[in-house]
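Q: Starting from these lines, generate the structure:
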Amino acid sequence: MSAKKILIVDDDINICELLRLYLTKEGFDTVVCNDGETALKIALENTPDLILLDIMLPKLDGWQVCRAIRKESNVPIIMTTAKGETFDKILGLELGADDYVTKPFDAKEVVARVKAVLRRSSPDTENNIKEVKFDKLVINLTNYELIVNGVSVDTPPKELELVYHLASNPNRVYTRDQLLDEVWGFDYYGDSRTVDVHVKRLREKLEGVSNEWSLKTVWGVGYKFEVK
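A: Numbers count the residues shown, from 1 in each chain. Model (predicted):
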């Protein structure tokens, strides 16, 4: 199996070199660039397996790059930012990022995040197909495909894993913390609002599709995939 290719985007050359060294040591191929314009070109032409994307970049900032990539590709994106505000994190997730890391960070933690996101976004290689079906809805976790009304809908890996998890356990209520633990995994350091962002994006794709099921908020508790 060929090595996974990681695109590292940061205008700090020292950070790029540090991440490159750690990722190379773990067996990844790396490509480094220092501005948003070049990052976007590489991302769309060379299809990396994952992008580590800084927010504060020359030419195009990380928000612009993430938004442009998401119009063309579902490649996993981990945003890196020196800002710690929740607003930045939520905005990144709204734009389609899969995860975020706040600077200053430990390079080993970043490598762990990269492995976790790649693990979650890689199709299952076992023979058994992971798929659930409902009226006008197919959620296939083997090839990471969401089919709504017979049409394949572009869905980032984390959104698809979340709705698959909920739909695989219909009418069961999950708290946000349970979903963070069971869908994002122990190696995720986010907060519960991350779940809200992903549910909001899923609702935009699924609202009103069928009267037989729905993605429900259980106020004061969490969420469930309700089947009537």
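Q: Now do the strands in this protein.
A: Counting by DSSP state E, the chain has strands at residues 5-9, 29-33, 50-54, 77-81, 99-102, 131-134, 137-140, 145-148, 151-153, 174-175, 213-218, 222-227.
Q: Quick check: which of the ones you listed is buried the most?
A: Stretch with highest mean neighbour count among the strands of the chain: strand 50-54 (a mean of 26; mean count of other C-beta atoms under 10 Å). (Each C-beta comes from the backbone N, C-alpha and C, glycine too.)
Q: and the most centrally placed residue in the chain, what does it touch?
A: The centroid of the chain falls nearest to Asp98 when counting by C-alpha atoms, centre = their mean (2.2 Å). Counting by C-beta atoms under 8 Å, 6 or more residues apart in numbering, Asp98 makes contact with 76-78, 117, 121, 156-158.
Q: May I have the phi/psi pair for it?
A: In terms of degrees, to the nearest 10, the main-chain angles of Asp98 are phi -90, psi -20.
Q: How about it, nearest residue that isn't a chain neighbour?
A: Distances taken as C-beta to C-beta, 6 or more residues apart in numbering place Pro76 nearest to Asp98, at 4.7 Å, with adjacent residues excluded.
Q: tell me the contacts of that neighbour?
A: Residues in contact with Pro76, defined by C-beta under 8 Å, 6+ apart, are 49-51, 98-99, 117-118, 121, 156-157.
Q: now swap in Val31 and tell me
A: Listed by C-beta under 8 Å, 6+ apart, the contact partners of Val31 are 5-8, 42, 46, 48.
Q: if you set the cut-off to 7 Å instead, what comes out?
A: Val31 makes contact with 5, 7, 42, 48, according to C-beta atoms under 7 Å, 6 or more residues apart in numbering.
Q: repeat for Glu145
A: Ser152.
Q: tell me the contacts of Phe134?
A: Counted by C-beta under 7 Å, 6+ apart, Phe134 has contacts 167, 210, 212-213, 227.
Q: Just the closest of these to Arg201, please.
A: For the contacts of Phe134, the minimum distance to Arg201 (C-beta to C-beta) is 15.6 Å, reached by Ala167.
Q: Tell me who's in contact with the closest one.
A: Contact partners of Ala167, counting by C-beta under 7 Å, 6+ apart, are 132, 134, 139, 225.
Q: Equivalent analysis for Ile139, please.
A: By C-beta under 7 Å, 6+ apart, the residues touching Ile139 are 131-132, 146, 160, 163-164, 167.
Q: switch the cut-off to 6 Å
A: 132, 146, 163-164, 167 (C-beta atoms under 6 Å, 6 or more residues apart in numbering).
Q: try Thr217
A: Counting by C-beta under 6 Å, 6+ apart, Thr217 touches Tyr223.
Q: is it in a bridge, and if so with what?
A: Tyr223 (DSSP bridges).
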